[in-house]
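Peer 1: My questions are about this predicted structure, shown below with the sequence.
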Amino acid sequence: QNAAWERNQAEFLEIAKILDKIKSVGTGGISSDDPTAIEKLKAKVIELEKEQTFAKALNRYYKKNSTCVGFQDLDYAIAKKIDAQIKTQFSWEQKPYPSYELTSINGKIKRAKARIAELEAQQAQTYEGWEFNGGRVNFNYENNRVQILFDEKPDDETRSVLKENGFRWAPSQGAWQRMLNENGIAAVRKITEAV
């Protein structure tokens, strides 16, 4: 019976992992390759700011009333659960949204805004490729990639440097490439100056 229970438990855990993967589809990060990345990031900032406003208001309400019951549109059962959960926290964190959660939300907002600024600057700025000894650099805006096209196959050392700097061989493009962003541009300049 114990062996059967262990097999069933292992099978259950395996199925739970698969279900978690299914649930997480579409909830990952926002890729810079996505043509609607800026709009998605702006929507994310709005949602995070709403959450931050809600969290601060709930914390103020709890501090004043020592309960979440009666706060705005918060369901009574949920408010009671939050009250019960707060009592299990450390004394200095006894509030609906502990300080570390507010700090985390604030950090997410700052990072999303920084990415929006980076993507907008990238869209506003266009780069032209250049030739270097043994090849040329190309900015492929359609695929959002900075590409290095060599006249001949690069030697092992050069390929190693390319890989260390985030470049990968793309047979469909016939080029070494990486994402087109400030880091990619800095990396391609460093590599082509060294060649």
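Peer 2: Looks like it came in fine. Numbers count the residues shown, from 1 in each chain.
Peer 1: can you tell me which helix in the protein is longest?
Peer 2: Longest helix in the chain, counting residues (DSSP state H): helix 37-65.
Peer 1: C-terminal to it, what's the next element?
Peer 2: Downstream of helix 37-65, the first helix or strand assigned by DSSP states H and E is helix 76-87.
Peer 1: now that next one, how far from the chain's geometric center?
Peer 2: How far helix 76-87 lies from its chain's middle: 31 Å, per C-alpha atoms, centre = their mean, to the nearest Å.
Peer 1: which helices and strands does the longest helix of the chain pack with?
Peer 2: Under the contact definition 3 or more C-beta pairs under 8 Å, 6 or more residues apart in numbering; DSSP states H and E, helix 37-65 sits against helix 99-124. Where you see a C-beta, it was placed from the backbone N, CA and C, and this is true even at glycine.
Peer 1: Can you list the strands that the following helix or strand past the helix it packs on pairs with?
Peer 2: Sequence order places strand 131-132 as the next helix or strand after helix 99-124, per DSSP H and E. Here strand 131-132 has these sheet partners by DSSP bridges: strand 135-140 (antiparallel).
Peer 1: If you count neighbours, what's buried in the partner strand?
Peer 2: 135, 137-139 (16 or more other C-beta atoms under 10 Å).
Peer 1: just stretch 89-98 next, same as before
Peer 2: For stretch 89-98, burial by neighbour count (16+ other C-beta under 10 Å) applies to 95-98.
Peer 1: Check stretch 143-156 too.
Peer 2: Neighbour-count burial for stretch 143-156 flags 144-150, 154 (criterion: 16+ other C-beta under 10 Å).
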